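1. Just to be clear, the model below is a prediction. Sequence and coordinates:
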Amino acid sequence: MNKIKKCLAVLVCTAMALAVMPGVALAADGTTADGLEYNVYDDYVEIDRYTGDAADLIIPGEIDGLPVTSIDFNAFSGCTNLTNVTIPNSVTNIGEDAFYGTALYNDSANWENGVLYIGDNLIEANDGISGDYAIRPGTRIIADYAFNYCVDLTSVTIPDSVTSIGGFAFDYCLGLTDIYVAQDNPSYVDIDGVLFDKARTELIQCPSGNRKTSYEIPDGVTAIDYWAFSHCNNLTSVTIPNSVTSLGIYAFSNCNSLTSVTIGDSVINIGGWTFWNCDSLTDVYYAGSAEEWANIDISNGNDPLLNANIHFNSADSATHEIKVTVNGSKIDFDVPPTAIDGTTMLPVRYALEPLGAEFVWNGENQTVTITAEGKTIVLTIGSAAALVDGVEKTMAQPAMAIDGRTLIPIRFVSEELGYDVQWDGDAYTVIING
């Protein structure tokens, strides 16, 4: 792990935590008989530091009548005698480098294929880990910064047992293209490889290596998390729906190819450095008026946003006919394209047949099989699940039938087949090239 870079990241994270920390500490620097220093907040206890020298340690699930829910970063760092620790089920968050430098951490035998687990908690992945990685079944917590700087990691699969994913868990994973979540997971879901909370109201992480050049955030999302799109260097345009009210700090930082952003008129807060280092940003399409824009709380570090051309009163899809071009030719439809919760749905045959795609409709099973570019995609009417070469993936919207035509989420299908999809907000046009 690149500790210098991580330390810089921790400093930023600490400043953020101080600014947004829930609750007020009622007591500080309490110490258990075992040497656990802790802080008490309104309704929980956080382990701050361990000063003992035990080899085996059981962290209590409760202190002063309150549950122990958090272990602070560096809490056990440097405890060279510590070879075994039991973390209670009450804990929901484990800070970065919480066990760095312990005997437990330093023993290579405790690392499973480059990943350190303590009980049912994933503590850290070695930054040399590469390829596709499936988190161990039964894992409950993924610690803060767990996969930080794993630049050769390409995909992560999260099992149904995970109930807590720490902050910046996938930060600076530049090769990460997809985060997959088991469908039965009670806390999280992925849509096209992008991580959301189960309610789909918080966009947590778009992988930095995601291949999408344009991205429409699904309607219903209200918050975009810290660093959610950071270092997504393939991204050229993003559409933020009217449901979103806040953009987390550094949310789009270092998106070097980002040229246009469409922002709904419900946004009231844009965090610090949200668009930091987005030096290619030239156009912002805002659904509200200049007066409404002036009322948004835009924090420091957003010069690329403020220096862009801001187009006010940009109308939404309800007042426009969606047009489509394929390899430069305009496509006419007998059933028009439609936008559902920020996802553009197109009649599949009209959109992809010009690119050589072949289709098989199964009326009994209500499925359409699309074959192109050496890939096979099977979609079922009414289902958001798609089989891509036999691997199940989740689409933002289910395939649907209207007037005898099958409409599909065009971006998902096109990009899975390797086609390039762009959105021209000014012309209200989907541009497909292949």
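-> Noted; the coordinates are in hand. Numbering: from 1, shown residues only.

2. Which residues outside stretch 196-205 are in contact with it?
-> With Cβ atoms under 8 Å, 6 or more residues apart in numbering as the test, stretch 196-205 has contacts from 165, 169-170, 179, 185-191, 194-195, 217-218, 220-225, 227-228. All C-beta atoms are positioned from the backbone trio N, CA, C, and that covers glycine.

3. mind listing which of the residues you listed are in strands?
-> Judged by DSSP state E, strands contain the following of the contacts of stretch 196-205: Ile165, Ile179, Tyr188, Val189, Asp190, Ile191, Val194, Leu195, Ala223, Ile224.

4. I figured the last one hits Tyr250, correct?
-> No - in terms of Cβ atoms under 8 Å, Ile224 does not count as a neighbour of Tyr250; the distance is 10.6 Å.

5. check contacts around Glu46.
-> Neighbours of Glu46 in contact, by Cβ under 8 Å, 6+ apart: Tyr38, Asn39, Val68, Thr69, Ser70, Ile71, Asp72.

6. Could you rerun that using 7 Å?
-> Tyr38, Asn39, Ser70, Asp72 (Cβ atoms under 7 Å, 6 or more residues apart in numbering).

7. before we move on, what about Pro347?
-> Listed by Cβ under 7 Å, 6+ apart, the contact set of Pro347 reads Phe333, Val335, Arg405, Thr406, Leu407.

8. So which of those residues belong to strands?
-> Arg405, Thr406, Leu407.

9. Who wins on neighbours among those residues?
-> Leu407 (25 neighbours; other Cβ atoms under 10 Å).

10. tell me the pLDDT at the closest residue to that residue other than its chain neighbours?
-> What sits nearest to Leu407 in space, not counting adjacent residues and going by Cβ to Cβ, 6 or more residues apart in numbering, is Met345, at 4.2 Å. We note a pLDDT of 87 for Met345 in this prediction.

11. hang on, Met345 in a helix?
-> No - secondary structure assignment (DSSP: H, G, I helix; E, B strand; the rest coil) places Met345 in strand, not in a helix.

12. burial of Pro336, as a residue count?
-> 16.

13. Next, work out how far apart it and Val348 are.
-> Distance of Pro336 to Val348, computed by Cβ to Cβ, to the nearest Å: 14 Å.

14. of all the ones in strands among the contacts of Pro347, which comes closest to Ala287?
-> Of all those, Ala287 sits closest to Leu407, with 25.0 Å by Cβ to Cβ.

15. I'd like the distance between the closest one and Glu216.
-> Taking Cβ to Cβ, one finds Leu407 at 16 Å from Glu216.

16. now Ser70
-> Counting by Cβ to Cβ - Ser70 and Glu216 are separated by 35 Å.

17. ok, Gly425 touching Asp283?
-> No - the criterion here is Cβ atoms under 7 Å, and Gly425 misses it with Asp283 at 8.2 Å.

18. what is in contact with the two at once?
-> In contact with both Gly425 and Asp283: Ser260, using Cβ under 7 Å, 6+ apart.

19. So, low pLDDT: which residues of this protein?
-> Within the chain, the set of residues satisfying pLDDT under 70 comprises 1-28, 314-321, 341, 426.

20. which residue is nearest the centroid of it?
-> By Cα atoms, centre = their mean, the chain has its centre lying nearest to Gln205, at 1.3 Å.

21. That concludes my questions; thank you for your assistance.
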